[in-house]
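Undergrad: Structure for the following, please:
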Amino acid sequence: MDKRLPLERIFSAGGIVIKDEKILVTQHSGHLGWSFPKGQIEKGEKNQEAALREVGEEAGVVAEILEKLGQTQYFYVQDGKKVFKTVIWFLMKYESEGEAKTAWEVSGKKWLALDEVEGQLTFKSDKEFWKENLDKIQKVTSNR
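TA: Residues are numbered from 1 along each chain as shown. Sure thing, here's the model as predicted:
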């Protein structure tokens, strides 16, 4: 009998949102990990649309995309399946407050100074992605 778990692929999009030289991080209400707001790309939806929608739904933030930053990929196990997740990330600027339609997915939300973000992030892939893009993010925040 094959004891390997079935593999599921998930594609998500999200944003690193800048507001007054601070960065938005959110806490997942299930596993309580801190990350940037993100969520699954719906059928027929463009990556950018999904990222803006998820930032709005999870964090109640209306944002504008400044540029694509890249992607992270990682494995985890959920509901008896091994999941391979790809997240497309965009750098965004805060525009206004909106309505957090899926706020139940988020148990915490913080705006942090750039030097506080890495220490707040829970996952290795997020920390590495943050460090890889920090120079670019610093340039954008210093020009605002």
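Undergrad: State the pLDDT value of the closest residue to Ile10 other than its chain neighbours.
TA: Take Ile10 and drop its neighbours on the chain: the residue closest to it by C-beta to C-beta, 6 or more residues apart in numbering is Lys85, 4.6 Å away. For the C-beta atoms, the positions are set from N, CA and C on the backbone; glycine is no exception. With respect to pLDDT, Lys85 scores 92.
Undergrad: could you measure Lys85 against Pro37, distance?
TA: 15 Å (C-beta to C-beta, to the nearest Å).
Undergrad: more crowded one of these two?
TA: A count of neighbours by other C-beta atoms under 10 Å puts Pro37 above the other of Lys85 and Pro37, at 29 against 18.
Undergrad: hang on, isn't the more buried one packed against Glu58?
TA: Yes - between Pro37 and Glu58 there is a contact at 4.4 Å, judged by C-beta atoms under 8 Å.
Undergrad: neighbours of Lys124, just the number please.
TA: Count around Lys124 with other C-beta under 10 Å applied: 10.
Undergrad: go on, Lys82?
TA: Using other C-beta under 10 Å, Lys82 has 13 other residues around it.
Undergrad: Secondary structure element for it, which one?
TA: strand 81-97 (DSSP states H and E).
Undergrad: Just checking: what are the partner strands of that strand?
TA: strand 7-19 (parallel), strand 61-78 (antiparallel) (DSSP bridges).
Undergrad: tell me the mean pLDDT for the last one?
TA: Across strand 61-78, pLDDT averages out at 92.
Undergrad: next one: the shortest one
TA: When pLDDT is averaged along strand 7-19, the result is 94.
Undergrad: Can you name the element that comes right after that strand?
TA: Next in line after strand 7-19, if elements are assigned by DSSP H and E, sits strand 22-28.
Undergrad: List the single closest residue to Ser96 in space, sequence neighbours excluded.
TA: Closest residue to Ser96 apart from its sequence neighbours, by C-beta to C-beta, 6+ apart: Val62 at 4.6 Å.
Undergrad: what's the longest helix along the chain packed up against?
TA: The longest helix of the chain (DSSP state H) is helix 124-142. Under the contact criterion of 3 or more C-beta pairs under 8 Å, 6 or more residues apart in numbering; DSSP states H and E, helix 124-142 touches strand 7-19, strand 61-78, strand 81-97, helix 114-120.
Undergrad: If anything else comes up later, I'll come back, but that's it for now.
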